[in-house]
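In: everything below, folded, please.
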Amino acid sequence: RRTWEHEKYWLSRMQEQQRLKYVGLDEIPKIHKELRSEFAKGRTLSYEWRVNQLNQLIKMLLENKNKIIQALKDDLSQVAIISDSEVMGTVSEARYHLSHLASWMKPTYKGLAATHLPGTAYIVPEPYGTVLIISPWNYPISLLLKPLVGAISAGNASLLKPSELAPACSQVLYDLIPQYLDSHIRIVLGGAAETEKILTHPFDYIFYTGSTTVGKIIMRAASEFLTPVTLELGGKSPVIVDDTVNLPVAARRLVWGKFTCNAGQTCVAPDYILCVGDQVKQKLTKELVDKIQEFYGKDGLRTTKDYPRIINGRHVNRIKGLIDGTDKQDIIFGGEVVESEKYISPTLVNAKEGDEIMKDEIFGPVLPILSVPSVDEAVDFVKKRSKPLALYVFSENKKTVDRIINETSSGAVGVNDVVMHVVAKELEFGGVGESGMGSYNGKKSFDTFSHRKSVLSRPTWVDPSLRYPPYTERKLWLLGLASEGINIPRWVLVVLLVLVSAAAGGIVLKNKL
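Out: Model (predicted):
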């Protein structure tokens, strides 16, 4: 039954979305054509253009930081430390690219087998061309602009499509990007119909962050043009906890990663906990409750500024359905829902393997806790399910940690911590299987948006006859010698090949050399 507050909330949301200027469906072909035309001019290929645009992006974020943070507050009521990291984390990523871009753009030289000597081999990173970046609503700034950093540094033209479910952030980006970045980077607003129309046009690369369901739609559309994709999806990221770990520290990090970081609306949020043994479960549960109350207050959960809200009413109802479908006796802590405030309290649930809450990614502030008798059972539990975007293990036993890392498959593993691996520029971030494909972060972002073009360059002043017919026994023996990779210095082998070929009269010299 809808309350008046609920009706007012939905009315305000409808009005807010109406304020967004959705791109006209008939405008999309023109924008696409203009972007491809801009890229064809070749300006993005230069080091100077890339540096300029990265600096402009940094300038945009720093000069409008307060405005962007207010938009994040309007959309998600993000905790200050998280909203600040949305902005400054992107600035840090752009600065990292600036400090390394010159070296990344240089050719990478490779050694050659004797069969290809004399010659030079190298790999040139070139931009794909015109790329499409589609971002989600849960981190609407960084998950659009961090991939853009990679696209710019690699020299691409970019079309940006932010999520319509974060209208305040989408609007502020729509207003700012044309003011700071040039016409090689365009942003359009829209919903499902506009996105579907965009996907009917060929792009040279598509980078999508969001749900697995939509990821499959993106991949099908990309296949029509054989367009390569990066899909940053999600899944149920498990946590395995044994009796060797410092449980108060584990609980503190779990509560922070699950609840403080966007109220569980994070693709790598801990989705459920597997405790090795009932005693571990009892002790950890107590610690989790203690830490929730310590972080947010025993009586002030709805008023604290350190706990965020759910994105919209649809997701509130979805998560509420999971709570309502759980026996009241299994709700260890929380379970409070205030729809008009988009508020759902941090909720701990005593769960079993076959429960409804264990079927799909929760993507909200509900944390099921299960116990398993052994690490063997925990590993089997994880392996029976789709490969998650992240897996977390809390243990001080190196053998246990190594075993879980080696015997399970996931996008990434966090040992005695959660979420933090995502913001480590030295680590690649991406999924595997149903949690996604491709990765980015730091140098990997540059690589993701670059085609690595192989080049083999050979001189014409010498042309040994060994590879040409007729194939005598001597030629075949020498070719075999060269291809077997025997331990002879290259220069010796080259001289030998040239001399033998010359003696056979099969060498061609330019200018009588």
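In: so how far is the helix or strand harbouring Thr285 off the chain centroid?
Out: Thr285 is part of helix 278-296, with elements assigned from DSSP states H and E. Distance, stretch centre to chain centre, for helix 278-296: 31 Å (CA atoms, centre = their mean, to the nearest Å).
In: now that helix: buried residues?
Out: For helix 278-296, burial by neighbour count (16 or more other CB atoms under 10 Å) applies to 280-281, 283-285, 287-289, 291-293, 295-296. No exception for glycine: its C-beta is placed from N, CA and C like everyone else's.
In: pick the one among those closest to Ala193.
Out: Tyr296 (39.7 Å; CB to CB).
In: quick one, what contacts the closest one?
Out: 259, 304, 306-307, 346 (CB atoms under 8 Å, 6 or more residues apart in numbering).
In: can you verify Val268 is assigned to a strand?
Out: No: applying DSSP: H, G, I helix; E, B strand; the rest coil, one finds Val268 to be coil, outside a strand.
In: for the closest residue to it other than its chain neighbours, give me its contacts.
Out: Leaving aside its sequence neighbours, Val268 sits nearest to Ala390 (CB to CB, 6 or more residues apart in numbering; 4.1 Å). By CB under 8 Å, 6+ apart, the contact set of Ala390 is 237, 268, 410-414, 418-419, 421.
In: now do Met105
Out: So Met105 contacts 47, 125 (CB under 8 Å, 6+ apart).
In: can you pull the pLDDT of it?
Out: Reported pLDDT at Met105 in the predicted model: 98.
In: do the same with Asn406
Out: For Asn406, the predicted pLDDT is 98.
In: going forward, the N-terminal residue is numbered 898.
Out: Okay, using 898 as the starting number, the last item reads as Asn1303.
In: you'd agree Asp972 is in a helix?
Out: Yes: under three-state DSSP, Asp972 sits within a helix.
In: that one: neighbour count?
Out: 26 (other CB atoms under 10 Å).
In: now do the contacts for it.
Out: Contacts of Asp972 (CB under 8 Å, 6+ apart): 1034, 1037, 1063-1066, 1208.
In: pLDDT value on the closest residue in space to it that isn't next to it in sequence, please?
Out: In space, and not counting its chain neighbours, Asp972 is closest to Ala1063: 4.3 Å by CB to CB, 6+ apart. On pLDDT, Ala1063 comes in at 96.
In: so Ala1063 sits against Gln1162, correct?
Out: No: applying CB atoms under 8 Å, one finds Ala1063 not in contact with Gln1162, separated by 10.9 Å.
In: quick one, which of these two is more surrounded?
Out: More neighbours surround Ala1063 than the other of Ala1063 and Gln1162, with 26 against 23 (other CB under 10 Å).
In: and the more buried one, how far from Asn1209?
Out: Distance of Ala1063 to Asn1209, given as CB to CB, to the nearest Å: 9 Å.
In: out of the contacts of Asp972, which end up buried?
Out: 1034, 1037, 1063-1066, 1208.
In: these into JSON lines, with extra columns for distance to Asn952 and secondary structure?
Out: As requested, the buried ones among the contacts of Asp972 are arranged in JSON lines below (distance: CB to CB, whole Å; DSSP: H, G, I helix; E, B strand; the rest coil):
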{"residue": "Trp1034", "distance to Asn952": "28", "secondary structure": "coil"}
{"residue": "Pro1037", "distance to Asn952": "23", "secondary structure": "coil"}
{"residue": "Ala1063", "distance to Asn952": "26", "secondary structure": "coil"}
{"residue": "Pro1064", "distance to Asn952": "29", "secondary structure": "helix"}
{"residue": "Ala1065", "distance to Asn952": "26", "secondary structure": "helix"}
{"residue": "Cys1066", "distance to Asn952": "22", "secondary structure": "helix"}
{"residue": "Ile1208", "distance to Asn952": "32", "secondary structure": "coil"}
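In: could you point out the longest helix in the chain?
Out: The single longest helix within the chain, with elements called by DSSP state H, is helix 977-1002.
In: only the buried residues of that one, if you could.
Out: Of the residues in helix 977-1002, those buried (16+ other CB under 10 Å) are 979-980, 982-984, 986-991, 993-995, 998, 1002.
In: please name the bridge partners of Val1136.
Out: When assigned by DSSP bridges, Val1136 has beta-bridge partners Ile1170, Tyr1289.
In: sorry, back to before: what lies in contact with the helix or strand following the helix holding Thr1182?
Out: Later in the chain than helix 1175-1193, the nearest helix or strand by DSSP H and E is helix 1210-1221. The contact list for helix 1210-1221 (CB under 8 Å, 6+ apart) reads 903, 906-907, 910, 1162, 1207, 1228, 1232, 1234, 1236, 1239, 1241, 1244, 1246, 1253-1254, 1259-1263.
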